[in-house]
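Student: predicted structure and sequence below. I'll ask about it afterward.
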Amino acid sequence: MDRLIETTLWKYLRENCLPQNCEVVYTDDENLFDAGILDSAGILTFVCFIEEGFNLKIPDEDLLPEYFSSVASIAAYIRANTANPSITTMPGA
């Protein structure tokens, strides 16, 4: 499976949400809130990044933990809601 979406999401999280030189290895299924990677303010900027980077409008009713708690769930949401997620314009990709 193409991991471009997951790679792009992790790149954003490493650059914007984790301490510099963080050596902790996280899995795609890691709960981003429980791990302290995202908080209520951080998710807002992350959602903006996702909307811009994947040319996707995320309705408020979709901002649910089952869609946005882990990189795996976010990537699945992006794949399910974009026509061709592997070729969208992604910042920093």
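Tutor: Arrived safely, thanks for sending. Numbers count the residues shown, from 1 in each chain.
Student: where does the chain have low pLDDT?
Tutor: 1, 84-93 (pLDDT under 70).
Student: tell me the residue furthest from the middle of it?
Tutor: For the chain, the C-alpha lying farthest from the average C-alpha position belongs to Asn21; by CA atoms, centre = their mean, that distance is 19.7 Å.
Student: ramachandran angles for that one?
Tutor: Its backbone dihedrals place Asn21 at phi 60, psi 30, with angles given as degrees, to the nearest 10.
Student: please tell me how far it sits from Asp62.
Tutor: Distance check for Asn21 against Asp62: by CB to CB, to the nearest Å, it reads 34 Å. Every residue, glycine included, has its C-beta placed from N, CA and C.
Student: wait, doesn't Ile78 sit right on Ile5?
Tutor: Yes. Contact criterion CB atoms under 8 Å: Ile78 and Ile5 qualify, at 5.5 Å.
Student: settle it for me: which of the two has more neighbours?
Tutor: A count of neighbours by other CB atoms under 10 Å puts Ile5 above the other of Ile78 and Ile5, at 26 against 21.
Student: didn't that one look like it was pressed against Arg79?
Tutor: Yes. With contact defined as CB under 8 Å, Ile5 reaches Arg79; the gap is 6.8 Å.
Student: which helices and strands does the strand or helix carrying Ala72 pack with?
Tutor: Here Ala72 is covered by helix 71-81, with elements defined by DSSP states H and E. In terms of contacts (3 or more CB pairs under 8 Å, 6 or more residues apart in numbering; DSSP states H and E), helix 71-81 is packed against helix 4-16, helix 65-68.
Student: same thing but at 10 Å, please
Tutor: When contacts are defined as 3 or more CB pairs under 10 Å, 6 or more residues apart in numbering; DSSP states H and E, helix 71-81 packs onto helix 4-16, helix 40-53, helix 65-68.
Student: list the buried residues in that helix.
Tutor: Of the residues in helix 71-81, those scored as buried under the neighbour-count criterion (16 or more other CB atoms under 10 Å) are 71, 73-75, 77-78.
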